[in-house]
Structures are given as structure tokens and as C-alpha cells.
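1. Could you look at this predicted model? Sequence included:
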Amino acid sequence: MKITQNFTTCGRWGITLLFIGPFVGGVAYWMMWSSILARQPVDPIPYLAVVFVGVFASLAALPMMIIGRDFDGHIKPADNGMWK
């Protein structure tokens, strides 16, 4: 018996969020610290909100990938199809 795994739409969204979430959070974190180190007056709340959105997206991706799986089982004949 051969089992294959495919992702549904929910699983594909989970894969997308797994890669986009940390990227968005990292870019916002980098922008916040570059503004702070440039000694510009900055309000960190919007930057931290985007960081938390990125963290939430990457954490939400794991259950979405687990839920969004579809398994297909194919039974192979014992005689490899020799006797038809």
C-alpha cells in the first residue's frame, strides 16, 4: 500500500504563512531598531504590532499545515497486476 500526502487550500495557506510571518516580523524589527539607532524620534508601538502579527502568522501556520493535509492510499495488487 502506497500512501501519498497532498495539501488542501488550508495547508497551502499554512505553508505560505510559515515563510511570510517571520519575514514580516523581521523586517519590522529591523526597521524599528534602525530608526532607534539613527536617533530619530520613533514610536515603537506600530513596529511591535507588526512584529506580533508576524509571530502570530508563523504560529498559526503550524496547525493549518497539520489540518490541511489529505492522505491518499493506493493498494497495489499482490501479483503486481500479472493476472488480469
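-> Here it is on my side, so go on.

2. Quick one: low-confidence residue ranges for this protein.
-> Counting by pLDDT under 70, the chain shows low-confidence ranges at 77, 80-84.

3. Strands of this protein, residue ranges please.
-> 2-7, 69-74 (DSSP state E).

4. Dump those strands to CSV, plus mean neighbour count and distance to residue 55.
-> Just so you know, the C-beta spots here come from the backbone N, C-alpha and C atoms, and that holds for glycine as well. Rendered in CSV, the data for the strands of the chain read as follows (neighbours: other C-beta atoms under 10 Å; distance: least, C-beta to C-beta, whole Å):
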stretch, mean neighbour count, distance to residue 55
strand 2-7, 10, 23
strand 69-74, 10, 24
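
5. Point out the one among these that comes closest to residue 45.
-> Between residue 45 and the strands of the chain, the shortest separation by C-beta to C-beta is 36.0 Å, and it involves strand 2-7.

6. between the closest one and strand 69-74, how big is the angle?
-> What separates the directions of strand 2-7 and strand 69-74 is an angle of 150 degrees, with axes from the mean of the first three to the mean of the last three C-alpha atoms, to 10 degrees.
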